[in-house]
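[1] make a model of this:
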Amino acid sequence: MALPNQVLEVVDPLLLVGDNQEQTASRSINPRRAQKKKARMKDCLISILSVGIACSVGSPIDRMDIVDATKELHFIKDKYIEAKTWTQRSEQP
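    Alright, predicted model coming up:
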């Protein structure tokens, strides 16, 4: 499956664009932190796309239930926002 390895190739590049000034500053100050941020974004996208794929399986019996999909998407959102908030707090002087 191409999803985990090539997720950045199938996702619209506009989804990956953030604040360019923030990204440039982050890379120049701490390239390791910028790399971790990119890895978190990739993990988040893989999780979201996996839910989408599970919801679009050919057989209705094998598809993910909408209630489970909603719960999973909320979990992904909370996990990503928590990681982003923690990172922002650790970057403050």
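
[2] all contacts plus neighbour counts: C-alpha atoms, from now on.
    Noted.

[3] send me stretch 40-57 as PDB with only the CA atoms.
    Below are the C-alpha coordinates for stretch 40-57, written out as PDB (Å, rounded to 0.1, in the frame of the first residue of the first chain):
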ATOM      1  CA  ARG A  40       3.900  14.700  13.000                       C
ATOM      2  CA  MET A  41       2.100  16.200  10.100                       C
ATOM      3  CA  LYS A  42       2.800  13.100   8.000                       C
ATOM      4  CA  ASP A  43       1.500  10.800  10.800                       C
ATOM      5  CA  CYS A  44      -1.600  12.900  11.100                       C
ATOM      6  CA  LEU A  45      -2.300  12.700   7.400                       C
ATOM      7  CA  ILE A  46      -1.700   9.000   7.300                       C
ATOM      8  CA  SER A  47      -4.200   8.600  10.200                       C
ATOM      9  CA  ILE A  48      -6.900  10.700   8.500                       C
ATOM     10  CA  LEU A  49      -6.400   9.100   5.100                       C
ATOM     11  CA  SER A  50      -6.600   5.600   6.700                       C
ATOM     12  CA  VAL A  51     -10.000   6.500   8.100                       C
ATOM     13  CA  GLY A  52     -11.100   7.700   4.700                       C
ATOM     14  CA  ILE A  53      -9.900   4.500   3.000                       C
ATOM     15  CA  ALA A  54     -11.700   2.400   5.700                       C
ATOM     16  CA  CYS A  55     -14.900   4.300   5.000                       C
ATOM     17  CA  SER A  56     -14.700   3.700   1.300                       C
ATOM     18  CA  VAL A  57     -14.100   0.000   1.200                       C
END
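
[4] Lys36 - how many residues pack around it?
    As a burial measure, Lys36 scores 12 neighbours (other CA atoms under 10 Å).

[5] helix or strand for it, which one?
    helix 31-55 (DSSP states H and E).

[6] shaky segments in the chain?
    1-2, 18-29, 83-93 (pLDDT under 70).

[7] list the contacts for the residue nearest the centre of it?
    By CA atoms, centre = their mean, the mean C-alpha position of the chain lies nearest to Cys44, the distance being 2.0 Å. With contact taken as CA atoms under 8 Å, 6 or more residues apart in numbering, Cys44 is in contact with 76, 80.
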